[in-house]
Structure formats: structure tokens, C-alpha cells
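# Fold the following for me, if possible:
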Amino acid sequence: MKRIICLLSCLLIWGCSSTKAPSSLTLFFSPEQISLTAEQQRKITDFLNQNPYHQLTAQVAPAALENPFQALIQGQKRIQAVNKLSATQDIPLHLEYAPQQTADTLILKRQ
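Residues are numbered from 1 along each chain as shown. A predicted model of the protein is given here:
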């Protein structure tokens, strides 16, 4: 009986102490922003460090610009900035352009 209580206590303590890595990260951009700020780079790096062995998807929305072509170009430049950061850590990203998503957002998801 003592062993069972000890085992259950150990499992409870281990379960409470282990933390789960977040499964997604949402970043917001200003409409004219194409590069990552230092804070955004830090958040992405932390997310990549917490999910190094998972298949990750980066969904980027167009910029809130009146010219649809310029909005598309802004989105592509943002994808390139995130892709460069993931390439430095050798973590592959599945890149997606998400025009239905809220404008000026980027979502990193673990699959």
C-alpha cells in the first residue's frame, strides 16, 4: 500500500512539474512592416526551441493595404523573414499564404 501511494505521489508531482509547449503562436504586424521586430524574433525563436521536432506550419495573412498586389508582396516578405529564422535553427516550416486570415497576422502552428 505504501508503494502504491508513493508511486501515485511521484506521478502526480512529475505530471504537475512538466509543462506543455504551446501549440501555436500568433504575431501581429503593422501594415507596412516586412521585417521582424526583436520581440517577434525572440517569440519565434522561443517557439521553435520548444517545438524542435514537430512539423510546423506558418500561416501568413496579407497586409491591410488597398493594393492587393502590394498586400501579397508584404505577406511574402514576412514569410521570408520567418523562414530565414527557422532555417538558422534547421527547423523546416510548411509555409502557407492565408488570405482569409485576419490581416497583418502570422500564425505558427505545431501539427
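# for Leu25, which residues make a bridge with it?
Note on Leu25: beta-bridge partners Leu108, judged by DSSP bridges.
# Now do the same contact list for it.
Leu25 is in contact with 43-44, 47, 107-108, counting by C-beta atoms under 8 Å, 6 or more residues apart in numbering. For glycine as for every other residue, the C-beta is placed from the backbone atoms N, C-alpha and C.
# mind redoing it with 10 Å?
Contacts for Leu25 were tallied using C-beta atoms under 10 Å, 6 or more residues apart in numbering; they are 40, 43-44, 46-48, 50-51, 56, 58, 106-110.
# what does Lys109 give?
Residues counted as contacts of Lys109 (C-beta under 10 Å, 6+ apart) are 22-26, 47, 51, 54-59, 94, 96.
# what about Thr57, which helix or strand?
If you go by DSSP states H and E, Thr57 is part of strand 56-60.
# quick one: average confidence on the very next helix or strand once past that strand?
Toward the C-terminus, strand 56-60 is succeeded by helix 68-88 as the next helix or strand (DSSP H and E). Mean pLDDT, helix 68-88: 87.
# what residues does helix 68-88 touch?
With C-beta under 10 Å, 6+ apart, helix 68-88 has contacts from 27, 29, 31-36, 40-41, 44-45, 47-48, 56, 58-65, 67, 91-93, 95-99, 101, 103-106, 108.
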